[in-house]
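*Asks:* Below: sequence and its predicted model.
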Protein chains: 2
Amino acid sequence: MGDNIHTTLNVAVLGPLGTYTHEAAQSIFGSRVRYQYQRTITDVFDSFSGDIHVAVVPRENSLHGIVTETYDNLRSCNHGFITGEVVLKVQHCLVVRTGVALHDIKRVLSHEQALGQCQAFLKTYLPDAELVKTPSTASAARALLDEPSNCAAICSKSCASLFDGLEVLREGIQIEEANFTRFLILTKSREQSIRSQFGIDPCYKALLRIYANDEKAHNLTRIFDLLDTEMCLTQIDRRPKLNGAPFHDVYFAEVKKIDGTVDSQDEEYEWSAAVDKLVLSVGQAGYDAVALGIW
Amino acid sequence: MGDNIHTTLNVAVLGPLGTYTHEAAQSIFGSRVRYQYQRTITDVFDSFSGDIHVAVVPRENSLHGIVTETYDNLRSCNHGFITGEVVLKVQHCLVVRTGVALHDIKRVLSHEQALGQCQAFLKTYLPDAELVKTPSTASAARALLDEPSNCAAICSKSCASLFDGLEVLREGIQIEEANFTRFLILTKSREQSIRSQFGIDPCYKALLRIYANDEKAHNLTRIFDLLDTEMCLTQIDRRPKLNGAPFHDVYFAEVKKIDGTVDSQDEEYEWSAAVDKLVLSVGQAGYDAVALGIW
């Protein structure tokens, strides 16, 4: 199959042009696909339709933790299946309209994750600035052009260079130098594999969504007895379960194959079967369980 | 001991006057203590000093999940020991300066939790408004007096009534009618018990902070084998471990005594001993574990 087949693939990402999500997607798909920029992460999830078969969303950051908008969509969403991940090094810049100095800044615009990752810088250098949430870091940069000149945005250096009239005032303003964001690659359905097509390595991971509607909701211990000796629990996250009793939660459990490193079709098939078996036994134990992805 | 002894007790809460945290603290301590209002949740944690022996902080909300600033302080903080909890029903209002109409509003100020709990209302009725993070809901209300008239705040009805010139435009604007926030009561040290003094019931709960510095960081399964048959895991949360390798996490595990309902000194002592034993065995399994509270 030639390269031109990919240009018909539409990939939904958090827009506009210049977000970290776009950068992460480009590291996998390059210029061989057509990017469809969405305004919010929720819009990315909602965009799976006739034309859009693949989406990329931020999952978690090594400094500020999970991206709640992504998890809140995974909580209820029945669209998309996680089929891979990509990790991107993130270096935030403080960006202003050309000529604006640090002491002029009264408001800082960015995605809540970037505001969180840069909280120490903001507290030290801009303690009185208002912090304004925007749907993405790139939309913060773009908004500067229409805002009074006492505003700044937090975004990537390459994003700042996309807009005329902006300049980078400070680089690397996050809490620690080492700052990484993990993104998820989703396909419209579980059957639709794009891994071999784009050279995405298997990780031998899976993400399960688990909840209970009865008294078991407050006793998680039994879930962990169900993991077999071939797999380990690598992450667990909790979000409130909406439309239920207050303080009933949805859990997101990431499991990983122990020593799963070989890149073979057979191994991948076996891992997929092991995850399905786990989902079945968690279900038989009385929990509501579903695999949100196997990759 | 007479009531006047309590008036010397200083209780740190998120300020200014009128926050939900203040309301939660009042439901326990009434007017028998002196409240010390702090600007941010971090300031509340930092306030344990010679004069301040008790603090109240928000822990989680039934719609929007954990309060990250609280968990990020519990992640590193060695001050304070959780000695009780209180749950408050939360009803958010959209508040403006008298005479301002919904269509005038261009910016909405509040704590990030309140902005999250009201996201559906904001998306429907104020889709283009800027969302501005403030340290508390009450500081958002107070800020309205100094802001242009196109601003609104999200806070409680009673908070709005504290400031002249403000009016409630909409009531109950959170995602669902049933909305609760759970607060933690901390004392300066584990030894300092205030439960009997203020009639705080035991819950037979404990919160453990657990992390691993080696390859066990990515295999949590073993931790859950260590819980004895008398206790169950009721909640688990994850935050990034700072000053470590990226994507190494700190876990917060809440455990509860099965059938722990009796209000007796002996029961409480036994529960405390059982938690200490658990912390010891998690430590012996190679994890770094500490009890952040027993209540």
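*Replies:* Everything's here; your move.

*Asks:* Show me the domain layout of chain A.
*Replies:* Listed by the TED database, the domain ranges of chain A are A:1-89+A:179-200, A:93-171, A:202-294.

*Asks:* between the ones you listed, which one is nearest to B:Asn73?
*Replies:* Among these, the nearest to B:Asn73 by CB to CB is domain A:93-171 (12.4 Å). For the C-beta atoms, the positions are set from N, CA and C on the backbone; glycine is no exception.

*Asks:* Around chain B, which positions in the stretch 51-200 of chain A sit nearby?
*Replies:* A:60-66, A:68, A:112, A:115-116, A:130-133, A:175-176, A:178-180, A:182 (CB under 8 Å from any CB of the partner chain).

*Asks:* Buried only: go through those residues for me.
*Replies:* A:60-66, A:68, A:112, A:115-116, A:130-133, A:175, A:179, A:182 (16 or more other CB atoms under 10 Å in any protein chain shown).

*Asks:* Just these: which are in strands?
*Replies:* Using DSSP state E, A:60-61, A:65-66, A:130-133, A:182 are the members of these that sit in strands.

*Asks:* List just the nearest of those to A:Phe247.
*Replies:* For those, the nearest to A:Phe247 is A:Ile66 (18.7 Å; CB to CB).

*Asks:* how much space between the nearest residue to that closest one once chain neighbours are set aside and A:Val90?
*Replies:* Distances taken as CB to CB, 6 or more residues apart in numbering or on different chains place A:Glu60 nearest to A:Ile66, at 4.7 Å, with adjacent residues excluded. In this view, A:Glu60 and A:Val90 are 12 Å apart by CB to CB, to the nearest Å.

*Asks:* what residues do those two have in common as contacts?
*Replies:* A:Thr181 (CB atoms under 8 Å, 6 or more residues apart in numbering or on different chains).

*Asks:* Next, count neighbours for A:Gly165.
*Replies:* 10 (other CB atoms under 10 Å in any protein chain shown).

*Asks:* A:Gly199 too?
*Replies:* Counted with other CB under 10 Å, A:Gly199 comes out at 7.

*Asks:* coming back round to it: I'd like the ones in strands among the buried ones among the residues of the stretch 51-200 of chain A next to chain B as CSV, with distance to A:His248 and pLDDT appended.
*Replies:* Below are those laid out as CSV (distance: CB to CB, whole Å; pLDDT from 0 to 100):
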residue, distance to A:His248, pLDDT
A:Glu60, 23, 97
A:Asn61, 27, 96
A:Gly65, 22, 96
A:Ile66, 19, 96
A:Glu130, 35, 93
A:Leu131, 31, 95
A:Val132, 33, 95
A:Lys133, 27, 94
A:Arg182, 27, 98
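
*Asks:* Can I get the helix or strand bottoming out on mean pLDDT in chain A in CSV, CA atoms only?
*Replies:* One helix or strand of chain A scores below all others by mean pLDDT, DSSP states H and E: helix A:221-224, with a mean of 74. C-alpha atoms of helix A:221-224 as CSV (Å, rounded to 0.1, in the frame of the first residue of the first chain):
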residue,chain,number,x,y,z
THR,A,221,-10.0,-5.3,47.6
ARG,A,222,-11.5,-8.2,45.7
ILE,A,223,-10.8,-6.7,42.3
PHE,A,224,-7.1,-7.0,42.8
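
*Asks:* Does it reach chain B?
*Replies:* Yes - contact between helix A:221-224 and chain B, assessed by CB under 8 Å from any CB, occurs at A:221, A:224.

*Asks:* Give me the contacts around that helix.
*Replies:* By CB under 8 Å, 6+ apart, helix A:221-224 touches A:210, A:216, A:233, A:251, A:253, A:282, A:285, A:287, B:221, B:224-225, B:227, B:232-233.

*Asks:* from those, which is closest to A:Asn73?
*Replies:* Using CB to CB, the contacts of helix A:221-224 come closest to A:Asn73 at A:Tyr251, 15.8 Å.

*Asks:* host element of that closest one?
*Replies:* A:Tyr251 belongs to strand A:249-257 when assigned by DSSP states H and E.

*Asks:* That strand pairs with which strands?
*Replies:* Note on strand A:249-257: by DSSP bridges, its sheet partners are strand A:205-211 (antiparallel), strand A:231-240 (antiparallel).

*Asks:* re the thing from before, let me see the contact set for the residue nearest to A:Ile66.
*Replies:* By CB under 8 Å, 6+ apart, the contact list for A:Glu60 reads A:66-67, A:181-182, B:247.

*Asks:* Among those, list the two that are farthest apart in space.
*Replies:* A:Val67 and B:Phe247 (13.8 Å).

*Asks:* Quick check on these two: which one has the bigger neighbour count.
*Replies:* Taking other CB under 10 Å, A:Val67 and B:Phe247 do not tie; A:Val67 has more neighbours (24 against 17).

*Asks:* And the contacts of A:Glu60, which is closest to A:Asp237?
*Replies:* Out of those, the member with the shortest distance to A:Asp237 (by CB to CB) is A:Ile66, at 5.7 Å.

*Asks:* correct me, but that closest one touches A:Arg59?
*Replies:* Yes - here A:Ile66 reaches A:Arg59: they are 7.0 Å apart, a contact under CB atoms under 8 Å.

*Asks:* buried stuff in stretch A:10-20?
*Replies:* Buried, per 16+ other CB under 10 Å, within stretch A:10-20: A:10-16, A:18-20.

*Asks:* Just the endpoints, please. Distance across that stretch?
*Replies:* For stretch A:10-20, the first-to-last residue distance is 18 Å (CA to CA, to the nearest Å).

*Asks:* how about it, does it get close to chain B?
*Replies:* No - no part of stretch A:10-20 sits near chain B under the criterion CB under 8 Å from any CB; the closest distance found is 15.0 Å.

*Asks:* which one of the domains of chain A has the lowest average pLDDT?
*Replies:* Across the domains of chain A, domain A:202-294 has the smallest mean pLDDT, namely a mean of 86.

*Asks:* residues touching the residue of the stretch 51-200 of chain A at minimum distance from chain B, list them.
*Replies:* As assessed by CB to the nearest CB, chain B sits closest to A:Ser62 within the stretch 51-200 of chain A, at 3.7 Å. Going by CB under 8 Å, 6+ apart, A:Ser62 touches A:178-182, B:240, B:246-247.

*Asks:* okay if I get those as CSV plus distance to B:Val108?
*Replies:* What follows is these, written out as CSV (distance: CB to CB, whole Å):
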residue, distance to B:Val108
A:Ala178, 35
A:Asn179, 29
A:Phe180, 32
A:Thr181, 27
A:Arg182, 31
B:Pro240, 29
B:Pro246, 34
B:Phe247, 34
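
*Asks:* List just the nearest of the buried residues of stretch A:10-20 to chain B.
*Replies:* A:Tyr20 (15.0 Å).

*Asks:* so that closest one makes contact with A:His92?
*Replies:* No - with contacts counted by CB under 8 Å, A:Tyr20 stays clear of A:His92, the gap being 9.4 Å.

*Asks:* what's the overlap in contacts for these two?
*Replies:* With CB under 8 Å, 6+ apart as the test, A:Tyr20 and A:His92 both reach A:137, A:156.

*Asks:* Can you name the residues in contact with the helix or strand containing A:Ala289?
*Replies:* Assessed by DSSP H and E, A:Ala289 sits inside strand A:288-294. Outside strand A:288-294, the residues that touch it by CB under 8 Å, 6+ apart are A:74, A:81-83, A:184, A:186, A:190, A:205-213, A:252, A:271-272, A:275-276, A:279, A:282-283.
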